[in-house]
Each structure stands twice: as C-alpha cells, then as structure tokens.
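Undergrad: Fold the following for me, if possible:
(chains A, B, C and D)
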Number of protein chains: 2
Amino acid sequence: MSNSRITLKDLARELGLSPSTISRAIAGHPAISEATKNKVQQKAEELGFAPNTIAASFRKKRTYSIGVIVPKIEVHFHSLVISGIEDLAYSKGYNVTIFQSKDSIDREKEIAKILQNRLVEGIIVCISNETKNYSHFKKFVKLGVPIIFYDRVPSDFKANKIIIDDFGSALRATEHLIEQGCQRIAHIAGNQNTTIFKDRFEGYKAALQSHKLSFDPNLVFETKNLTYEEGAEHAKAMIELQEPPDGLFCSNDYTAISAIQVFQKANYKIPEQISVVGFSNYPISRVIEPNLTTINDRAFQMGEAATKLLIRQIEDEDNPIDFETITLKTNLIVRESSKRR
Amino acid sequence: MSNSRITLKDLARELGLSPSTISRAIAGHPAISEATKNKVQQKAEELGFAPNTIAASFRKKRTYSIGVIVPKIEVHFHSLVISGIEDLAYSKGYNVTIFQSKDSIDREKEIAKILQNRLVEGIIVCISNETKNYSHFKKFVKLGVPIIFYDRVPSDFKANKIIIDDFGSALRATEHLIEQGCQRIAHIAGNQNTTIFKDRFEGYKAALQSHKLSFDPNLVFETKNLTYEEGAEHAKAMIELQEPPDGLFCSNDYTAISAIQVFQKANYKIPEQISVVGFSNYPISRVIEPNLTTINDRAFQMGEAATKLLIRQIEDEDNPIDFETITLKTNLIVRESSKRR
DNA sequence: ATTATTTATGCAAACGTTTGCATAAAGTTA
DNA sequence: TAACTTTATGCAAACGTTTGCATAAATAAT
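TA: Now for the predicted structure:
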C-alpha cells in the first residue's frame, strides 16, 4: 500500500518522545501535559499523520463500528431508517457501514460473514425477502455481537426488534376507505411469504369483516416485489373486472401511484370513482395528482430507536436476558386520493 | 468485546498443529496437505471459527476494502452506480463500504477521515454540492490511496474521472423539443454552483442558439436541490407567465414529473401544449402519465467503469503518471411526454 | 535543606494473523 | 542401504497502537 504513511513511531522520533506518550497525547490523556499535547498535535498535522485505526482496533479489540443490512438502499423507507441510524450513531462515536442484500439471502449471508470477520460491534438488519433460515445471524449471537431487527423481523429469533403495527395500520387505511363510502375495496398485496405484507393483508381483511363488507378474493392482487410495473398490471386487471372496485388499499406507495396512473388513463376519476390509499409516505406521494393518502411509517424514528437499543446493548456488557419488541405508532396521512367526504 | 471468539491459536491447540499451519490451511496454501486442510476446515466449522480480519489486515497491511461516497443513497442514479460498483468489486475480491455525504462538506470531510484511518485501498467519490476545496481528498493522494471521481468531478484535481457529457445530453434533449415543434422552451436548472448542472444549462442554451431560437432568461428557473417541491413551484410560475412555454427541459426527472402534475392540474395537455423532457431515467419516468421522455445516463456502467479503473490503480503499484477522464455516452429515451410528431 | 507528594513520561508486553526461513519427515533414486 | 529430493510443518518476528506499572523529574510541604 503506502510507503509514506506516518506512524506514531515517526512522530515519537521527531519529537524525542516515546510512542506511548504520543498515543496518550493524541487521545487527550490527562497524564500528558498540555504543552506536550500541543507539540504532538502540531507535528501530527505538519507531517499529515493519519492514525491507523486497524492497528488501534486490533489492540483495543474494539471497532466502534455498526453494520447495517437493508434490502435496498434506494427504497425511501430504508434510506430514512439509515439516516436515523447514522445521525444517532455518529453522535455517540460509532460509525456505520451500510450494506444492501438486494433481497438475496446469498448476498445477505456473504455480508453477515464480512461483518463477523470485521468485528463490528453490533448490527441492525432488515431481512431480505428470501430469508427463512437465520443461522447466519445466529453466529452474531454466538460471537456476543448484539443484533437488532427492524421492520421485517424473524419471529423465532431472540433479539430486540423494532416494528410498526402492520395489521393495525392496514386496518386503519382500509377503514378510512370504508368511511369514505367505499363498498368494494381491492388490495394490492406484497409478497405473502413476508410477514409484514401478510399482516397488512390481514388488517385489510379484518376491516372488511368488522364493517360487514364481504371479502372477495378476486379483489386481492399479490405482487412479488411491489414494483411500479406490478401495480400497473394489477390496476389494469382490476378495471377489467365485471364489477371494478371503488376503493384500493396498496401495500406501498409505488403500486398506489402506478395504479392511479392506469385508472386516470382509463378515465376513472380519483377519488370519486376509485379512492386510493398507499403505504410509506414516499416523497412522491405529495407530488402526483391527486396527492396520495398514505400511511406514515416513521422510518427515521425507527432507525433512531434501533440504534439507541443497539448502543445500549453494546455498552452493557452482560448478555441480555430479556428482549423487547418495540412497536412504533404509524399515522394515516389523508390527502386528495381518498377524500370523498 | 467477546470472550468466546475462537482464534487460530485455539484451533491449533485443538488439532496439535501450529497457528501458521492453521493459517495456511485456511488460506488453501499449496504447502499444506489436503488431509490437514480438511481437518482444519472441519474443526473450524465445528467450533464456529470466524477469522479476525482486523488482525489479518493489520499484519498484511491490506484491507481489500473500497470506500464509496455518494451525496444521497436514495437518489436512483447513485444507487445504480453503487450497484455497478458492488457487483464488480465483489467479483474481484474487494468489499465496498458506502457512505453518504448528504451534500454536506462537513460530513464529507468526516467520512474522508474515517476512510483514511481505516486504510481503505481506494475510494470512489461523487462530491457534495458544497464541495469547493479538495484538501480532504488530497490526503488520499498523499497516502497513496487511489481515488476516482464520478459524475460531479473537480476540474483542478489530478485523478481518474468518469462522467457523462452533460452539455451534449442537454443539447440533445433540447433539440428533441425543437424537433417536436417547440418554440418557447423553458429550463428547470440544477444549482449553478455545480458544474454538471451548469453544463446542462449551457447545452440547453446552445441548442436554442444553433436553431435560431431566442434565449429568454425568464424561462430559466434555478433550483437548489432539484426536488419535487422546487419543480412544482417553478412550474406554477411558468404557467403564470404572459407567454407560457410550450416546451420544458428539466435537469432531473423529479422536477419534470412534478412540473407535469402541475401542468395537468391546470388543464394543460402534455405533450400537445407543453412537451416535457427530464434527465436520468428514474423508474417512475415509465409510470406517470404520459410516460416521461428522459436522458438515460448509464449509472450502472458508470459504477462499473469507476471500479475497473480503481482496481487497476490499486493493483498497479506504481504512482500513475497519466490520468484519464472517461466520458460515457448517454441516450435520449423518447416517450409520450414529448412526442408531438 | 530535606522529605513527601504530584506530575509526566518511558518500558515492555499484548492483540491475532501471516510469512520467510529452517528443518524434520517422508518418498524416490542410485 | 545411503544419498538425494520433496513434502509438510514449526519457529520467530513483524505489523501500529495501547495500557499497566515503574520511575525520574518537578513541585510542595516541613
């Protein structure tokens, strides 16, 4: 690599001090005089000294590093979570390394391995769509590395978890459509192998049931990845039904937005003929016409809460006995896409 | 940290071999017998051995790690670049750590410091909006750490750079509008302190000039961050003009999309009354009605090209004498938002 | 001036893994 | 069987920084 990297020893030689004094001076240790500290600081800057964190981490057996694994960095929800994590972690002296699994368990396993070998002090994970088996995360437990799951969490894994109430949020969203007078409500669902999307489907069904609206399986459209394309495709199928729906609850904003485009192109009035509710409050939900009603799922706060818990776990050296699942409150943001009354 | 982490020495003790043999066996060294390799592999798995990459990196003075600094991970362009980087880097045995500056030079400096101290082997950077001074990157040069800039690149910094032809792309986009019969073309520009957005503005102007259309400063709207909100605000101002434009070229797809929403809400027909062209081919450009004409800026290929160059620089131990600036070709994707003829 | 206390620094070992060189053991050839 | 060659492993040192303990030097108290 570099033959010109300045070490503590170089500084020590230049100043006629020992490396241990240099180390303590740079760390601001009380046992070193202010005069020496200033002298060291100056020479360090003069020579362009960059401390070798690898060597220090090796000696201290600490990296002050948190690993974050998200399914896709591009998704607004996850990028907000990351922001929440970063802001709190940096303020507590930890740095954050971000990885994306791209919803592939193979990638997730690879990332887990990298993080284990790099001695991160804890990890925050939203598991991939494909993840059914958690042995790659169990290794962190074995190594004494704290792990926090958020959003998509494994049910049979003892760890702290931060979630939102997917069931209750979907219930609220669907009830809102019912309150607006919708009688035939369709649902664009996420992959039913993923718990959070299953819960949203259950909440949708529960709302229908509790308001004595009949459940019609022909009004439910499952997607693989909740993409724009899938939303458009299902919206087309919906309006071809003998009796099209007058309301639509979508498991994310992407599918809601593309459904709206399809409906409008087919000359359906939104919300007069079909009311639409999305999920996750993506920035674009405030832009498209009509502005989209959606569930605000508190991504930033989720990141903060996960980080707070993780840092507590890192600095509390005992193995935790109890784990908690924190459920954050969501709220429905009502905009024009669903407002009939 | 963990008192239960298995080391090479533990394996050595268990197998009655030396740590150096264990190390060589795990690394698949030819001097170690297959029998010994298998025995070591088995015991390593049995005991849940995770190698200490920190210790190895320290000894080897190599991290096999590439640092990536982007302005915002959420922006589709950058997340595509990251994908291009990740795919190639992983296949070459490097891992990638991602950081976002959030368009803050202070954050960027902090990240640079972290990366320097962590002995990354190279970095790929898209500089923040605020970056005018490059001393924090010059330190990488001094330390012999290769640096590649992409997209937003400093003009007075000797390094390899990967860019697109912003001028030529904007020229092409504006010409397309002219070919479609537009006579009064507006432009939503990015922050003019950022070279790429300045170049796009220049390309817009050059197209007008070469087709003998007069340049009207009232048809140019500068934004700070090219957000949806800014796009909407400027679109409103545009249609309040005494003589509204009949064409619009936007420096990104977000502002193009929000302008379209505003125009449609005000009952303007797209593209009949106002034709719109965006930039960057965000996924949503294929979704909104009408589908958006846009410049495809080859983000994934940009990531790949940067990584290829970087790895070459890392593995070629001589200090490079010549630097190149690679310019990737963009193409115009014509969709309904601009198609009059 | 002497003794006691405080301040400031240095020595040496540790951290887990890797690698050059040495050498013991095993296999092959004369 | 002896000599030569090849295979397989071990020893020891290195990597840059940190930290417990020791001690020299400076300062304060008697």
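Undergrad: rest of the way, CA atoms for contacts and neighbours
TA: OK.
Undergrad: count of neighbours near the residue in the stretch 51-200 of chain A positioned nearest to DNA strand C?
TA: Of all residues in the stretch 51-200 of chain A, the one sitting closest to DNA strand C is residue A:59 (3.2 Å; Cα to the nearest atom of the strand). Neighbourhood size, residue A:59 [other Cα atoms under 10 Å in any protein chain shown]: 11.
Undergrad: contact partners of the strand or helix carrying it?
TA: Using DSSP states H and E, residue A:59 sits in helix A:53-60. Identification of contacts with helix A:53-60 by Cα atoms under 8 Å, 6 or more residues apart in numbering or on different chains yields A:63, B:54-55, B:57-58, B:117-119.
Undergrad: any idea how far DNA strand D is from the closest residue to residue A:255 other than its chain neighbours?
TA: Of all residues not flanking residue A:255 in the chain, residue A:231 sits nearest, at 4.1 Å (Cα to Cα, 6 or more residues apart in numbering or on different chains). Going from residue A:231 to DNA strand D by Cα to the nearest atom of the strand, to the nearest Å gives 53 Å.
Undergrad: Could I get the full set of helices for chain A?
TA: Taking DSSP state H as the criterion, chain A carries its helices at A:8-15, A:19-26, A:34-47, A:53-60, A:76-91, A:105-117, A:135-142, A:166-179, A:195-210, A:228-239, A:253-265, A:299-315.
Undergrad: Tell me if the fourth one is near DNA strand D.
TA: Yes - applying Cα under 7 Å from any atom of the strand, one finds that helix A:53-60 is in contact with DNA strand D at A:53, A:55-56, A:58-60.
Undergrad: Now do that helix: distance to the chain's middle.
TA: Distance of helix A:53-60 from its chain centroid, counting by Cα atoms, centre = their mean, to the nearest Å, is 30 Å.
Undergrad: quick one: residue A:298 and residue A:330 touch, right?
TA: Yes - with contacts counted by Cα atoms under 8 Å, residue A:298 reaches residue A:330, the gap being 6.4 Å.
Undergrad: Quick check: residue A:338 vs residue A:190, distance?
TA: 21 Å (Cα to Cα, to the nearest Å).
Undergrad: ok, the spatially closest residue to residue A:9 that is not a sequence neighbour - how many residues close by?
TA: In this structure, residue A:9 finds its nearest non-sequential neighbour in residue A:19, 5.4 Å apart by Cα to Cα, 6+ apart. Look at residue A:19: counted by other Cα under 10 Å, it has 17 neighbours.
Undergrad: same check, this time on residue A:340
TA: By the criterion of other Cα under 10 Å, residue A:340 has 16 neighbours.
Undergrad: how about the closest residue to it other than its chain neighbours, phi and psi?
TA: Excluding the flanking residues, the one nearest residue A:340 by Cα to Cα, 6+ apart is residue A:180, at 5.6 Å. Phi and psi for residue A:180, reported as degrees, to the nearest 10, are phi -80, psi 0.
Undergrad: OK, contacts around residue A:180?
TA: Residue A:180 sits in contact with A:338-341, where contact means Cα under 8 Å, 6+ apart.
Undergrad: if you set the cut-off to 7 Å instead, what comes out?
TA: With contact taken as Cα atoms under 7 Å, 6 or more residues apart in numbering or on different chains, residue A:180 is in contact with A:339-341.
Undergrad: and what of residue A:18?
TA: Contacts of residue A:18 by Cα under 7 Å, 6+ apart are residue A:12.
Undergrad: Show me which residues of the stretch 51-200 of chain A sit near DNA strand D.
TA: So the stretch 51-200 of chain A meets DNA strand D at A:51-53, A:55-56, A:58-60 (Cα under 7 Å from any atom of the strand).
Undergrad: Grab the nearest non-local neighbour of the closest residue to chain B within the stretch 1-150 of chain A.
TA: Of all residues in the stretch 1-150 of chain A, residue A:74 sits closest to chain B, at 4.5 Å by Cα to the nearest Cα. Nearest residue to residue A:74, sequence neighbours excluded (Cα to Cα, 6+ apart): residue B:74, at 4.5 Å.
Undergrad: surely the one you found meets residue A:73?
TA: Yes - contact criterion Cα atoms under 7 Å: residue B:74 and residue A:73 qualify, at 6.3 Å.
Undergrad: out of the two, which sits in the more crowded spot?
TA: When residue B:74 and residue A:73 are compared for neighbours, residue A:73 comes out ahead with 28 against 20, by other Cα under 10 Å.
Undergrad: OK, contacts around that one?
TA: Counted by Cα under 7 Å, 6+ apart, residue A:73 has contacts A:79, A:100, B:73-74, B:79.
Undergrad: And the residues you listed, which is the shakiest by pLDDT?
TA: Least confident of the contacts of residue A:73 in the model: residue B:74, at 89.
Undergrad: Just want the phi and psi numbers for that residue.
TA: Dihedral angles (degrees, to the nearest 10) for residue B:74: phi -70, psi -30.
Undergrad: related to what we said a few turns ago, number of nearby residues for the residue nearest to residue A:255?
TA: Residue A:231: 29 neighbours (other Cα under 10 Å).
Undergrad: Write out the residues of the stretch 101-250 of chain A neighbouring chain B.
TA: Within the stretch 101-250 of chain A, the positions near chain B by Cα under 7 Å from any Cα of the partner chain are A:116-118, A:143-144, A:228.
Undergrad: among these, who's most crowded?
TA: In those, the most neighbours by other Cα under 10 Å go to residue A:116, 24 neighbours.
Undergrad: residue contacts, that residue?
TA: With Cα under 7 Å, 6+ apart, residue A:116 has these contacts: A:140, B:50.
Undergrad: Tell me how many other residues surround residue A:210.
TA: 11.
Undergrad: Could I get the pLDDT score of it?
TA: Taking residue A:210 on its own, its pLDDT is 96.
Undergrad: can you check residue A:142 too?
TA: The predicted local confidence for residue A:142 is 89.
Undergrad: Look up the closest residue to it, ignoring the ones flanking it.
TA: residue B:4 (7.7 Å).
Undergrad: coming back round to it: among the contacts of residue A:73, which pair sits farthest apart?
TA: Largest separation among the contacts of residue A:73 by Cα to Cα: A:100 and B:74, giving 12.4 Å.
Undergrad: wait, what's in contact with residue A:313?
TA: By Cα under 7 Å, 6+ apart, residue A:313 lies in contact with residue A:146.
Undergrad: that older thread, how about the residue nearest to residue A:9, what does it touch?
TA: By Cα under 7 Å, 6+ apart, the contact list for residue A:19 reads A:8-9, A:12.
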